[in-house]
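Enquirer: Here is the input, now give the coordinates:
(2 chains)
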Amino acid sequence: MTFKIQHDQSWSTDFIKRLDEDGPWANWELYKLALEAEESLIIPDFLGLQAPKHIPHVQILPHQLEVTRKVIEDMNGKGILADEVGLGKTIEAGLIMKEYMIRGLAKKILILVPASLVLQWTHELNTKFLIPAVPQKKAYVWEQYDVVVSSIDTAKRSPHREIVLDQDYDLIIIDEAHKLKNKKTKNYDFVQHLKKKYCLLLTATPIQNRIQEVFNLVSLLKPGHLGNEEYFDEAYRSGRYDVQNEEKLKQLINKVMVRTRREDTGLKWPKRIVKTVPITLSPTERKLYESITQARSNTAYEQHHAFSTITLQREVCSSREAVFLTLKAMAEKEGISESARETAISLMYEIENVDRNSKAEKALEIIQSIDGKVIIFTEYRATQLYLQWYLQQHGIKSVPFRGGFKRNKKDWMTQLFKNHAKVLIATEAGGEGINLQFCQHIINYDLPWNPMRIEQRIGRIHRIGQEHDVHIYNFATENTIEEHILRLLYEKINLFENVIGDLDEILSRVGMKNIEQHIRDIFYESDTEGEIRVKMDNLTSLLTYPNDEGDAYASEGHS
Amino acid sequence: MLQKDIHDFLDRYFTANECEMLEQGNDLLHVQLTIELDKLLMNRPFYWHYQELTGAEPNPMKLKLQTKQSEEDSDGEFVHFGSPRLHQIFQSTRQLGSYIRLYENVQQNENAYVPLVPWLGLNIKVSYQCDRKKDFLHSIGLNLINGMMVSEFQGLLESKPLTPKIPDYCYTMSTLIRPGSGIKRIEQYIEQVIQDDDPQWSIDARKRWQEDEELLDHFYQDIEELPESYHVEKQALKELYEPKVVIQIINGGMFYLSNHTLMNLN
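Expert: Residues are numbered from 1 along each chain as shown, chains lettered A, B, ... in the order given. Predicted coordinates for the structure are as follows:
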C-alpha cells in the first residue's frame, strides 16, 4: 500500500460509554448543525486556494494569488519570496500560512522577524489574516501558543534556543532572510537545526548575483537542491563558469524562488516627481554654521567624538532648536575638556542671534501652495516640535509622528492626519503597515545619510493603492554639508526615481554595508572642501551603476 | 457558506441552544446566552469559577452578531466565513452535537405495537493527507440486526420525523450486532472505499518525498559522520510528504426506525 490509514478512536470510546449510561444525547438540530459546519469546512480538492474566502476584507492582488499558488503547488511549501518592496510579500506569506492552517496541514508555526517588526507582524496576522499570533515575550510562550512571532536574536539565545529547537514546527517563516546568507553565523546554524515541514524565506534583496549566498539560502530551504558544496563550487564557481551553466543554475533557483517585479504586476504605478529645493541660509544662520565649522579646526582631534561637528553642521541646516539641544547636552556632559565646554557655551550664545528659519519659511510656502496633504520628514525631534509650533502660528494644523509611537498611537495619528490635519511631521518612516496613500506630497526637510531610509519614506505613499503621481521635495541648504549629500546620493544615482531593489542591488554589488559610516568617515577625515568633494565623487562613481553590462537589472528610470 | 447561510446557521444554533432572542433582523442577531453557551463561547473561566465559589447570581452575557458589515460604527460583531467567532461556534457544535439517540415518530394506534429497528448512523470525515490535503464526508447507516449498510444515511434520516423519546405503542428490537462491532464494520467498509480509490495522489507524494530525500543525501554525501541537521531534515521530509489517510467520526448515534424504512430501501 502506498499510504497508511489512521483511525481516531476517541469518538467510539465515548459513544459506548454513553450507551451504557443512557446518555446524555444531543438534540437533533445541533447534531445536524455539527455536520453542516463540518461540510462547510471540507477541503474539496488537493489544489486551489481556500484562504481568500476566509478573509474577504483583504484585497488580494492577482500576482499575490499567483505567488501563493505557486509556492504551495509547485514548490511544496518551501520557497524564497523575493518580490520587490511594496508588492506585498507579507500578504503572500500570510496567505500561504492561512491556507495551510485552513487545510489543517500547519498548526505549530514560528515567524522570525527583525525585533522592530515583531509587534507589527503580530498585529497584521491578527487583523488581516485572523490568525491568533502572539509575540514571544515569556519563555513559556514557545510551548503554549501555536503561532508565535519572535526576533531571531531572542530565539537563538539560551534558554529559548533549547526550547525552540525542541518544538516540531509545521511552518517557519523568516523575514529579512538575506541576513542568513552566511553559513558560518550562529543565526544560520540555528535555523538549520529547526524542525520544519514548510518554510518561507522572505527577502527584498535580490540575491541572484551572489552565488555563494544563493547557495547558502537555498541549502537552508532545501538542502541539496543546488548540489552539495563541493559540487556547487566545481560547477558554478570554478573557471568553467559559462552561459549554459548559468542558465541551468537560474532554472534551479527559479524552482525555489519567486520574484515579482513591479512591471510584472500589471498594476499601474504612479510617477515620482522629484524636485530639489535649494535653500539659502539667512546671514545669521550662515554665521552660526561658519562658527561651528571653525570650532572644528580649533578642537583637538581626540575631542571629535564628544564634539561632533558634523552632527552640529547638519543640525544648523535643520533648526536652531536642534543645535541648541545638542550643544546643551555637550556643555553639561561630564569629563569633556574645558575648552570644548567653552566652545559649546559660546556657540549657544550665538544661537540667540538667529532670528529666522529659512527652511521652515520655504516649507510653509510650499504647503500653502498645495491643496492636498503634506508629509514632512525631519531627522530631529527638536525640529519636529518647532515646525509644529511654527505651522500653527500660520494657522496650519499638523500632527507629529515618531517611530517609537505605540501601534495604536500610530493608527490614531494616521487617522488624525487623514481627517483633521493638513500636515504630518515625522521623524521616521514609521515602518511597514503605516499606509498614507491618501497623501501625495513629501517634503524631505532633512536628508538622511542612509539612502534606504529615503526609500522607506517614499514607500509610505508610493505603494499599491496610490492613485496619483507622487511629489517629492528635497530641501538642500546651499554651501553646506547637506549639499554634498544631496549631490552624491540623490542626484548622481537617481535615488528618488529608482526603486529600492535597484539601490539594494547597487549597495550589495559594491559590498558597501554601511554607506552611512562611509560618508561620515569622508567628512571626518577630510581637511578641505575640495578634499571632501573629490572623495565624494569617488564614492559616487563607485555607486553609479555601470550601464554597459547589459544586465537586466540595470537601473531603469521608474515611471 | 454565503452570508445568508451563516445567518440561518446562527439563528438555528441559538434557537437549538434555547437562547432568548433579544433582537433579530435580516443581518442581526442579538441573543441572551445561556449559562452553558457563555461557558463555551465567552472564554471567562475565572468568572464562572468565582460564581460557583461564591454562589452569586449567575449572569451570562449577551451576544450581538451581525452578518452584514455595517457602514457606520455598530456594537455588533461582524461574522463572516473566516471569522474566529464562527469557527468557535462551529467547534462548539462538535461538542454539543456529537452523540445522539432518536426514534422514528411512527403514528400508531393502540391495536398493534410497532417494532423499531436499531440502526447505527455515523458521519465520517476522511482526509487524504501528504504535503497537500483533500477531505471526503461519508454518512453511513448500519442495520444492527441484519448487517445491512446504506450510504447517504443522513439524508434518509432527515426525511423522517424523529423524536428523542420512544413514541407510544412502539418498542425497540434488540441488536444482534453490538454497536462497538458496528463501528468496526463501518470503518472497514470505509477502508475498502479508500482502497478502491485511485492512489495516484499518494504515489505522487512519495515521488516528491523521494526526490527531496535524494537531494538531501547528495548534499551530505561526502561527509563521514552525518550531522544532526541531516537527521532533522530527513525526519521533516517524512512528516511533510508521507501519505496517510485519517478517518475521523464527526458524529453519530443510534436511530430506531420502523420496518417501513427498511422496506423502502429494498
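Enquirer: Nearest to chain A: which residue in the stretch 1-150 of chain B?
Expert: The nearest approach of the stretch 1-150 of chain B to chain A comes at B:G82, 3.0 Å away (Cβ to the nearest Cβ). C-beta: built from backbone N, CA, C; applies to glycine.
Enquirer: for that residue, helix, strand, or coil?
Expert: Following DSSP: H, G, I helix; E, B strand; the rest coil, B:G82 is assigned to coil.
Enquirer: element containing the residue nearest to A:M257 when sequence neighbours are not counted?
Expert: Leaving out its chain neighbours, the residue that sits closest to A:M257 by Cβ to Cβ, 6 or more residues apart in numbering or on different chains is A:I80, at 4.0 Å. Assessed by DSSP states H and E, A:I80 sits inside strand A:78-81.
Enquirer: which helices and strands does that strand pack with?
Expert: When contacts are defined as 3 or more Cβ pairs under 8 Å, 6 or more residues apart in numbering or on different chains; DSSP states H and E, strand A:78-81 packs onto helix A:89-102, strand A:195-202, helix A:211-221, strand A:257-258.
Enquirer: Out of these, which gets the lowest mean score?
Expert: Here the lowest mean pLDDT among the helices and strands packed on strand A:78-81 goes to helix A:211-221, at a mean of 84.
Enquirer: on contacts alone, who are the packing partners of that helix?
Expert: strand A:78-81, helix A:186-192, strand A:195-202, helix A:243-254.
Enquirer: Which parts of the stretch 51-200 of chain B are strands?
Expert: Assigned by DSSP state E, counting those that start in this stretch, the strands in the stretch 51-200 of chain B fall at B:62-66, B:77-78, B:99-104, B:114-129, B:133-143, B:149-151, B:162-163, B:170-172.
Enquirer: residues making contact with the second one?
Expert: Yep, that's strand B:77-78 we're talking about. B:L63, B:K64, B:L65, B:Q66, B:T67, B:K68, B:Q69, B:S70, B:R85 (Cβ atoms under 8 Å, 6 or more residues apart in numbering or on different chains).
Enquirer: quick revisit: could the helices and strands packed on helix A:211-221 go into CSV alongside distance to A:F3 and mean neighbour count?
Expert: Listed next are the helices and strands packed on helix A:211-221 as CSV, based on distance: least, Cβ to Cβ, whole Å; neighbours: other Cβ atoms under 10 Å in any protein chain shown:
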stretch, distance to A:F3, mean neighbour count
strand A:78-81, 22, 25
helix A:186-192, 30, 17
strand A:195-202, 17, 24
helix A:243-254, 30, 12
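Enquirer: got the ones you listed as CSV, with distance to A:E352 columns?
Expert: As requested, those are exported to CSV (distance: least, Cβ to Cβ, whole Å):
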stretch, distance to A:E352
strand A:78-81, 55
helix A:186-192, 51
strand A:195-202, 52
helix A:243-254, 62
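Enquirer: looking at these, which is closest to B:V126?
Expert: strand A:195-202 (21.6 Å; Cβ to Cβ).
Enquirer: Could you list every helix and strand that the closest one packs against?
Expert: Judged by 3+ Cβ pairs under 8 Å, 6+ apart, the packing partners of strand A:195-202 are strand A:78-81, helix A:89-102, strand A:168-174, helix A:211-221, helix B:228-241.
Enquirer: Any idea which of these gets closest to B:V106?
Expert: In terms of Cβ to Cβ, the element of the helices and strands packed on strand A:195-202 nearest to B:V106 is helix A:89-102, at 43.2 Å.
Enquirer: After that closest one, which helix or strand is next?
Expert: Criterion used, DSSP H and E; the element after helix A:89-102 is strand A:109-113.
Enquirer: Show me what that following strand is in contact with.
Expert: A:97, A:101, A:121, A:125, A:133, A:146-152, A:155, A:164, A:167, A:169-176, A:191, A:194.
Enquirer: I'd like to know which elements the lengthiest helix in chain B is packed against.
Expert: Across chain B, the longest stretch assigned as helix under DSSP state H is helix B:200-219. Other helices and strands packing on helix B:200-219, by 3+ Cβ pairs under 8 Å, 6+ apart, are helix B:228-241.
Enquirer: and the helix it packs on, anywhere near chain A?
Expert: Yes: on the criterion Cβ under 8 Å from any Cβ of the partner chain, helix B:228-241 is in touch with chain A at B:E228, B:S229, B:V232, B:E233, B:Q235, B:A236, B:E239, B:L240, B:Y241.
Enquirer: distance between that helix and the chain's centre?
Expert: Centroid displacement of helix B:228-241 relative to its chain, using Cα atoms, centre = their mean, to the nearest Å, is 32 Å.
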